[in-house]
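In: sequence-free structure coming up:
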C-alpha cells in the first residue's frame, strides 16, 4: 500500500512539475507573441510613415511642376499682351478711329 501511495505521490509531483513547465511555456509563448506584435506594429507604423512622407513629397513635386507650367504660361500670355500694347496699340487705335469715322461720329473730314 505504501508503495502505491509513493507511486501516486511521485505521479502527482511529476504532474505538478509538468503543469509548472506547461504554464512557464505558456507565459513564454505569450511574451513572445506580445513582443512580435509590438515589433510588427512598430514596423507597420514606420512603413506607413515612410510611405506617407514619400507620397507627400511626390504630390509636392507634382504641384510645383504644375505651378511652374501655369506660371510659364502666364508669363508668355502677359508678354503677348505687353507686346500688343507696346507695338500694335497704334494699329488698334487707327482701326477704331476708322470705324468711328465710317459711322460718321467724327466730323473732322
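Out: Sure, I can see it. None of the values given here were measured: they were computed from a predicted structure. Numbers count the residues shown, from 1 in each chain.
In: Next, the buried residues of the worst-scoring helix or strand of the chain on mean pLDDT.
Out: None of the helices or strands of the chain scores lower by mean pLDDT, DSSP states H and E than helix 89-103, at a mean of 80. Buried residues in helix 89-103, defined by neighbour count with 16 or more other CB atoms under 10 Å: none. Heads up, the C-betas are built off the backbone N, CA and C, glycines and all.
In: Show me where the chain has its helices.
Out: 2-83, 89-103 (DSSP state H).
In: lowest-confidence stretch among these?
Out: Among the helices of the chain, helix 89-103 has the lowest mean pLDDT, at a mean of 80.
In: how distant is it from the center of its chain?
Out: Averaging C-alpha positions (CA atoms, centre = their mean, to the nearest Å) puts helix 89-103 57 Å from its chain's average.
In: which other helices and strands contact it?
Out: Here helix 89-103 touches no other helix or strand, going by 3 or more CB pairs under 8 Å, 6 or more residues apart in numbering; DSSP states H and E.
In: got the angle between that helix and helix 2-83?
Out: Our comparison of helix 89-103 with helix 2-83, counting by axes from the mean of the first three to the mean of the last three CA atoms, to 10 degrees, yields an angle of 60 degrees.
In: and residue 87, what does it touch?
Out: Counting by CB atoms under 8 Å, 6 or more residues apart in numbering, residue 87 makes contact with nothing.
In: Give me the distance between residue 95 and residue 102.
Out: According to CB to CB, to the nearest Å, residue 95 and residue 102 sit 11 Å apart.
In: wait, I meant residue 18
Out: Distance from residue 18 to residue 102, by CB to CB: 116 Å.
In: likewise residue 93?
Out: 15 Å.
In: same check, this time on residue 67
Out: Residue 67 is 47 Å from residue 102, by CB to CB.
In: Same check on residue 57?
Out: Separation of residue 57 from residue 102 (CB to CB): 62 Å.
In: same check, this time on residue 19
Out: 114 Å.
In: what do you get for residue 85?
Out: Taking CB to CB, one finds residue 85 at 25 Å from residue 102.
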